[in-house]
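> Sequence and predicted structure are below.
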Amino acid sequence: MLLRACFAVFVLLLSAMPAAAQTSDPDTSVIQLGPFGITPSLQLRDMGRDTNVFNERDNPRSDFTLTVVPRFEIVVRPKALRVTVNTATEYVYYQTYETERSINRSAGVRADLLLPRVQPYFLASGSSTAARLNAEVDARARHNEGVYGAGVVLKLGTRTSVGGLYRTTSFRYVEDEAFRGQSLSDSFDSEIDVVEGTVGVELTPFTQVNVTVSREEQRFDHSPERDADSIRITPTISFSPDAVIRGSASVGYRRFTPKSGSLPSYSGLVASVTLATTLYDRNQIDFTLSRDLRYSYDQTTPYYLATGGTVTATTELVGPFDVRGTGQYQVMAYRGHTSTSGSAGPGDDTLTSYGGGFGYRIRERLRIGINADWTERRSELSDDRGYTARRIFASLTWGVQ
């Protein structure tokens with residue numbers, strides 16, 4: 001019944017949206033209503049069979065699943081003020097395992113005052129989701145996150161600017177949510193306060209370099225022994241969407257200093273890279289890389305250094321057909337592991353995933369795809385943390401380039 005209802009809603013929206021889009025900007029397909037610009041999108045994804053719903057090593061359980069995600073971006077431009085609002089709702093359905101169904105909501109707003117020299121801004125976002133937190137925590141457990149911040153950018157010249165930002169993040173799990181016998185609220189509920197300053201230089205019309213120095217304080221509600229401060233120095237190079245290479249690359253240094261002597265400190269390399277390029281007009285390569293510290297759900301492995309990357313290649317075949325392949329590799333290197341005897345024993349978890357599929361673009365902003373992927377996790381800490389999973393699924397997207 002739910003599947004038929006989702007398809008009915010999807011078809012109705014598809015039939016209505018092209019008519020509305022006729023009044024939009026032909027280059028961006030944004031619906032223009034006076035000072036309002038609206039960009040809707042709709043995804044029906046992961047429609048197929050998940051062979052390991054709970055990421056179990058032994059006797060994995062299979063189920064049919066699908067996810068429907070409508071999104072809206074609204075931009076308001078009254079004179080020198082620009083306000084951007086984003087909202088999305090994710091409907092996750094499992095046919096047999098009702099506990100895995102969820103409705104996940106997120107929303108965000110940013111207001112920029114675009115004056116000639118001084119440009120203050122404000123941002124806020126929030127989410128309530130039962131999606132998996134990361135590659136370590138397999139439980140689909142409800143948690144809430146709120147982010148608030150304010151900053152200013154001061155233009156010193158035609159190509160140089162400086163800026164400052166204060167941001168606070170609150171993260172809370174719903175009471176009684178647990179994973180492998182550990183309270184997720186005890187492990188993760190916290191407040192993070194960040195103060196940062198940035199110097200930016202526009203090297204070319206397509207390239208900008210920023211250097212950001214920030215101080216971060218994280219304080220836990222139920223586990224004060226996890227409290228820590230961090231200093232980051234992060235150079236970032238950003239490329240315009242019109243450049244040959246698009247996106248940004250950030251590689252820097254982080255000094256992580258726990259407040260408690262029971263946790264080891266860390267000083268070293270961190271990175272966040274998201275780049276894309278198009279070769280010969282028909283081949284697109286997308287690349288992501290990340291490296292940073294993350295807290296673990298397990299009190300005996302307080303945190304780990306997560307290093308991983310993803311490569312996706314998409315080639316346009318004849319006419320509207322395309323083929324896509326992707327690969328991912330991630331290492332979770334645990335720090336400060338303690339056994340019952342108090343001895344140290346480091347260990348790594350590794351996650352490997354690869355897959356591919358075919359797509360058919362019905363029109364510029366409407367694409368259907370058939371995909372398959374395979375995922376494996378191995379652990380040096382405990383054999384029962386490992387698993388394998390396979391998925392074959394379809395997707396239908398509207399409004400996403």
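Received it, and whenever you're ready, just let me know what you need.
> need the strands for the stretch 201-350 of the chain, in chain order.
207-220, 228-239, 245-258, 266-279, 283-295, 303-316, 321-335, 348-363 (DSSP state E, counting those that start in this stretch).
> possible to save those strands as CSV with distance to residue 378, mean pLDDT and mean neighbour count?
Backbone N, C-alpha and C define where each C-beta goes, glycine included. Formatted as CSV, these follow (distance: least, Cβ to Cβ, whole Å; pLDDT from 0 to 100; neighbours: other Cβ atoms under 10 Å):
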stretch, distance to residue 378, mean pLDDT, mean neighbour count
strand 207-220, 29, 97, 16
strand 228-239, 28, 97, 17
strand 245-258, 26, 96, 17
strand 266-279, 23, 96, 15
strand 283-295, 18, 96, 16
strand 303-316, 14, 96, 18
strand 321-335, 10, 95, 17
strand 348-363, 5, 95, 16
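> I'd like to know which of those strands is closest to residue 87.
Taking Cβ to Cβ, strand 266-279 is the member of these nearest to residue 87, at 22.6 Å.
> could you check the angle strand 245-258 makes with the closest one?
Orientation check (axes from the mean of the first three to the mean of the last three Cα atoms, to 10 degrees): strand 266-279 against strand 245-258 gives 170 degrees.
> Now residue 354: closest residue in space that isn't a chain neighbour?
Closest residue in space to residue 354, ignoring its immediate chain neighbours: residue 327 at 4.4 Å, by Cβ to Cβ, 6 or more residues apart in numbering.
> Isn't the one you found up against residue 308?
No. If you go by Cβ atoms under 8 Å, residue 327 and residue 308 don't touch, sitting 11.0 Å apart.
> Could you list the low-confidence segments of the chain?
1-30, 336-346, 400-401 (pLDDT under 70).
> what number of residues lie near residue 262?
Residue neighbour count, defined by other Cβ atoms under 10 Å, stands at 11 for residue 262.
> That one against residue 227, yeah?
No. Residue 262 is not in contact with residue 227 according to Cβ under 8 Å; the separation is 11.1 Å.
> And the closest residue to residue 166 other than its chain neighbours, how far from residue 255?
Spatially, and ignoring its direct neighbours in sequence, residue 166 is nearest to residue 195 (5.4 Å; Cβ to Cβ, 6+ apart). Relative to residue 255, residue 195 is positioned 15 Å away (Cβ to Cβ, to the nearest Å).
> cool, residue 68 as well?
For residue 68, the distance to residue 255 - Cβ to Cβ - is 43 Å.
> got it, and residue 311?
Distance from residue 311 to residue 255, by Cβ to Cβ: 30 Å.
> Please name the residues that touch the closest residue to residue 290 other than its chain neighbours.
Closest residue to residue 290 apart from its sequence neighbours, by Cβ to Cβ, 6+ apart: residue 272 at 5.4 Å. For residue 272, the contact set (Cβ atoms under 8 Å, 6 or more residues apart in numbering) comprises 248, 249, 250, 289, 290, 291, 292.
> Could you give the bridge partners of the fifth one?
Read it as residue 290. Assessed by DSSP bridges, residue 290 has beta-bridge partners residue 272, residue 308.
> swap in the second one?
Here residue 249 sits in beta bridges with residue 237, residue 273, as judged by DSSP bridges.
> State the distance from it to residue 288.
Distance of residue 249 to residue 288, computed by Cβ to Cβ: 10 Å.
> Can you check which residues contact both of those two?
273, 274, 275.
> ok, now which ones touch the second one?
Yep, that's residue 274 we're talking about. For residue 274, the contact set (Cβ under 8 Å, 6+ apart) comprises 247, 248, 249, 287, 288.
> ok, now the last one?
Applying Cβ under 8 Å, 6+ apart, one finds that residue 275 lies in contact with 239, 245, 246, 247, 248, 249, 286, 287, 288.
> try 10 Å this time
237, 239, 245, 246, 247, 248, 249, 285, 286, 287, 288, 289 (Cβ atoms under 10 Å, 6 or more residues apart in numbering).
> try residue 393
Residue 393 touches 45-50, 64-67, 355, 357, 369-373, counting by Cβ under 10 Å, 6+ apart.
> if you set the cut-off to 7 Å instead, what comes out?
Residues in contact with residue 393 (Cβ atoms under 7 Å, 6 or more residues apart in numbering) are 46, 47, 48, 371.
> now, among those residues, which is nearest to residue 170?
So of those, ranked by how close each gets to residue 170 (Cβ to Cβ), first place is residue 46, at 29.1 Å.
> count of neighbours near the closest one?
Residues near residue 46, counting by other Cβ under 10 Å: 18.
> List the buried residues of the helix or strand where it lies.
Assigning secondary structure by DSSP states H and E places residue 46 in strand 36-50. For strand 36-50, a neighbour-count test (16 or more other Cβ atoms under 10 Å) marks 37-48, 50 as buried.
> Given that strand, what are its sheet partners and their directions?
When DSSP bridges is applied, strand 36-50 pairs with strand 31-33 (antiparallel), strand 63-76 (antiparallel), strand 387-398 (antiparallel).
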